[in-house]
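Q: quick one, fold the following:
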Amino acid sequence: MATVVPVEPYTGEWYPGFQPEFITSPYIIDGTGPFRKEDEDKFWFLDFHWSRGMTPLAAFAWGQDGYCWGTQHAAESLPLPPGRGITSRFAGTHLYGSAIPETDPREIGARANRLGTNLPRFLENYQSTWEAGRDELEATWGYFHGLDLTAVPTGDLAGLLGQARRYHQRSMEIHFGVMYPLLVNFLGFYGACAEMGINTADIGKFLQGEDTKIMETDRGLAELAKKAKAAGLRQVFEDNSGNAIRTALSAKGGSASQWLTDFDDFLQVYGHRQEATCDVGVPSWIEDNTIPLDMIKSFVLKDEDHDFEAAARNAMAEREAAVETARSGLTKEEQAVFDAGLRSNLEANFPWWQDDHNYYIDLKVMIPLRRVCQELADRVGAEDRNDMLYLFWPELQKVATGSTYDGGLKSLVKDRRQYFDHWGALRGQMPKVLGTVPETVEDPVLIEIFGLNPSAIRAVQNPNAAEETVLEGVAAAKGTARGIARVLQSSDDMHRLEPGSILVCESTSPSWTPAFGKIAGAACDGGGMLSHAAIVGREYGVPTVTAIGIATVAIKDGDEIEVDGTNGRVTILKRAADLAGA
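A: As a prediction, this is how the structure comes out:
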C-alpha cells in the first residue's frame, strides 16, 4: 500500500492577496500554483534549487515558464516516451515538483519511435545546436546589458518586462531542449554498461575531466586570493566578511586599491551571476559583492592553495584508468559497443554541459527582469527597490502600464515580505516529499538529477530518520574523508565552512563550487550521478555521497562524520553534543 504524505497542511491561503487568475498563462500540459487537495494523488518532491523560498514574481516566472513551459515543451519536442515533463506546486514559498507520466501504451510506443528518429539527428548536430542556442541567448543578454535603464521612458518599461520574461522563457526552451536528449543518450550508455557488467558507479568517471565556465570562474576567484595574500591583505580578509571587506580595502588604499580594481575587472566578466537557479529574487555578484568576497576570503585563509591543475590532471588520470579497467573485462564485441557509447557521450557530454550551461543560463537569465523591476520601483516611489519582486505578473504589468502603486498595494507587498520570511524560516521542517509516494520513479531527470532512487525514497519515509547514524546514498565521488559537519541551508552560509570540514546540504548548485576547494567531503540529501555535487566532487577529488534523502535531518551541525564516497555511505562518528562535552 502506497504511503501518502498529506498536502492538506499546505492548501490554505498562499501569498496574501493571491488570486488564481494571477498565474493563468500558456503551458503545455499542466501549470503551477499552490497545492490543492486533489494533488495528493501525485508524488511531489521538494526541489533543492530554491532553499530560500521564492517571491511571488520568482514563483510565477520559474514555476510557470521554467518547470511548466520549459520541461513540458522539451519533453513533447524530443519526445521522452514515458514522461511529459515536470509540473510544480508551492507549499508556502517552497517549490515542489512532480513528473508528468505518459501512461497510454500506444502513445508511449509512438513517442519511442519519434525519439528513435530525432535523437540521432540531435546527437549528430549537438555541438552546433548548443552553440546556436547559447549564442542566441548571449545576443539577447548583450542587448539587455547594453541598456541604460535610467534613460528608458517609463512607458517603455512594460515592454521591457515582457522582453525580459521572454528571454527567460526562451532560455528554458533551449535549456531543456538540449538537456533531455543529452540525458537520454547518457542513460542509453548507462544501460549498456550495466548489461555488460561494468560497475555503474564508475560511469560518471568516464566523462569527467572537461573544463567548464564554472571552473574557470573558480580559478579566477582563487587567483584573486593569491593576489590578496601577495599584497599583504590577509589580515583585512581575516578581520572582515562580506561587503565589509570591500569597505576595509577601500579605506586601506595602496595595494588594496589595486586589488579592488582587479576584483571589479573580474566581476565585469564573471559577476553577472546569481546565487540561485533562475531566481529573480536574488542579487547578482555585481549588485552585492558579499558572496564573491566571502568565497575569496575562504581561499585566502587556507594554509595551502587549492591546486586546480593537479585536480584536473587527477580527474583525467582517473577517467583514463576507469575506462581501461572497464574495457579490460569486455569481449571484443562488447568493447565495440562500449567504445561507440563512450565516444557518443564524450562528444555530447552531459556532465560537462550540466555545469557549463549554468554560466550562460541558470545563473544570469533572471538579471534583466530583476533590473527592470528595480528601475520600475524607483519610478513609482516604492519603499524598497525590490518591492516589485513581491508582485505577481499581472500586478506588475498594471503598475508598469500606469496603475498607481498605492498604499493598498504597498501594504500587500509588506505582508508578502513577512510571509516570505516566515516560510523561509521553516525550510528545515518542510517534508522532503508530499502526496502519494511510490516505491520507485521512472523519470530520468528525477533519478539522475534529483537522486530520487528507491533508497532515497525509503529514507525520507523513515520516522526515525533523525536518530540514524549510518546513511546510504549514491557513491558520487570516490574516497573517504572525516571531519566536522557543517549543515547549511543555502550557499549564503558558505562562509561557515572551515578547511577540512564536511559540507552537508540538500544539494549543491554552481554557487557552491568554490566550497569544494576547501572542504574534505560532501553529503547531500538529493542529487544523482549527474547532479552538480557529483560532477564537482569528481572533478575536485572530494569524496561525495548524494541522494541520501535525510542527510540534513540525521546529521547535526558540529557532528563528526565520515564520508565514504567509494561505497556511498556516511557514518556519524560522534555527536556535536558529545564533542562539546569532551
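Q: C-alpha only now, for contacts and for neighbours.
A: Will do.
Q: please name the nearest non-neighbouring residue to the most centrally placed residue in the chain.
A: Per C-alpha atoms, centre = their mean, the C-alpha nearest to the average position across the chain is that of Ser509, at 3.7 Å. Nearest non-adjacent residue to Ser509, counting by C-alpha to C-alpha, 6 or more residues apart in numbering: His532, 5.7 Å away.
Q: any idea how far Trp512 is from the one you found?
A: Using C-alpha to C-alpha, to the nearest Å, we find His532 at a distance of 9 Å from Trp512.
Q: on that earlier part again, check what pLDDT the residue nearest to the centre of the chain gets.
A: Predicted confidence (pLDDT) for Ser509: 81.
Q: how about it, phi and psi?
A: phi -130, psi 180 (degrees, to the nearest 10).
Q: what sits against it?
A: Counting by C-alpha atoms under 8 Å, 6 or more residues apart in numbering, Ser509 makes contact with His49, Ala276, Thr277, His532, Ala533.
Q: which members of these occur in helices, if any?
A: Of the contacts of Ser509, the ones assigned to helices by DSSP state H are His532, Ala533.
Q: what sits against the residue nearest to Ser509?
A: Going by C-alpha under 8 Å, 6+ apart, the list of residues near His532 reads Gln354, Asp355, Thr508, Ser509, Pro510.
Q: any chance of those residues in JSON lines, plus distance to Thr87 and secondary structure?
A: What follows is the contacts of His532, written out as JSON lines (distance: C-alpha to C-alpha, whole Å; DSSP: H, G, I helix; E, B strand; the rest coil):
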{"residue": "Gln354", "distance to Thr87": "21", "secondary structure": "helix"}
{"residue": "Asp355", "distance to Thr87": "23", "secondary structure": "helix"}
{"residue": "Thr508", "distance to Thr87": "22", "secondary structure": "coil"}
{"residue": "Ser509", "distance to Thr87": "21", "secondary structure": "coil"}
{"residue": "Pro510", "distance to Thr87": "23", "secondary structure": "helix"}
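Q: would JSON lines of those with distance to Leu187 be doable?
A: Putting those into JSON lines (distance: C-alpha to C-alpha, whole Å) gives the following:
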{"residue": "Gln354", "distance to Leu187": "15"}
{"residue": "Asp355", "distance to Leu187": "18"}
{"residue": "Thr508", "distance to Leu187": "22"}
{"residue": "Ser509", "distance to Leu187": "22"}
{"residue": "Pro510", "distance to Leu187": "23"}
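Q: any stretches of the stretch 401-550 of the chain with poor pLDDT?
A: Applying pLDDT under 70 to the stretch 401-550 of the chain flags no residue at all.
Q: let's go with 90 and repeat that
A: 406-407, 428, 438-458, 460-463, 465-466, 489-499, 508-518, 528-532, 539-541 (pLDDT under 90).
Q: roughly how far is the longest helix along the chain from the heart of the chain?
A: What stands out as the longest helix in the chain, according to DSSP H, is helix 157-195. A distance of 14 Å separates the centroid of the chain from that of helix 157-195, by C-alpha atoms, centre = their mean, to the nearest Å.
Q: hmm, who's touching the very next helix or strand once past that helix?
A: Moving toward the C-terminus from helix 157-195, the next helix or strand (DSSP states H and E) is helix 213-230. Residues from elsewhere that reach helix 213-230, judged by C-alpha under 8 Å, 6+ apart: 234, 256, 259, 262-263, 266, 270, 292, 295-297, 299-300, 305-306, 308, 355-356, 358-359, 510, 513-514.
Q: from those residues, which land in helices?
A: Using DSSP H, the contacts of helix 213-230 in helices are 234, 256, 259, 262-263, 266, 270, 292, 295-297, 299-300, 308, 355-356, 358-359.
Q: select only the buried ones of these in ChimeraX?
A: With 16 or more other C-alpha atoms under 10 Å as the criterion, this ChimeraX line picks the buried residues out of these:
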select :234,256,259,263,270,292,295,296,297,299,300,308,355,356,358,359
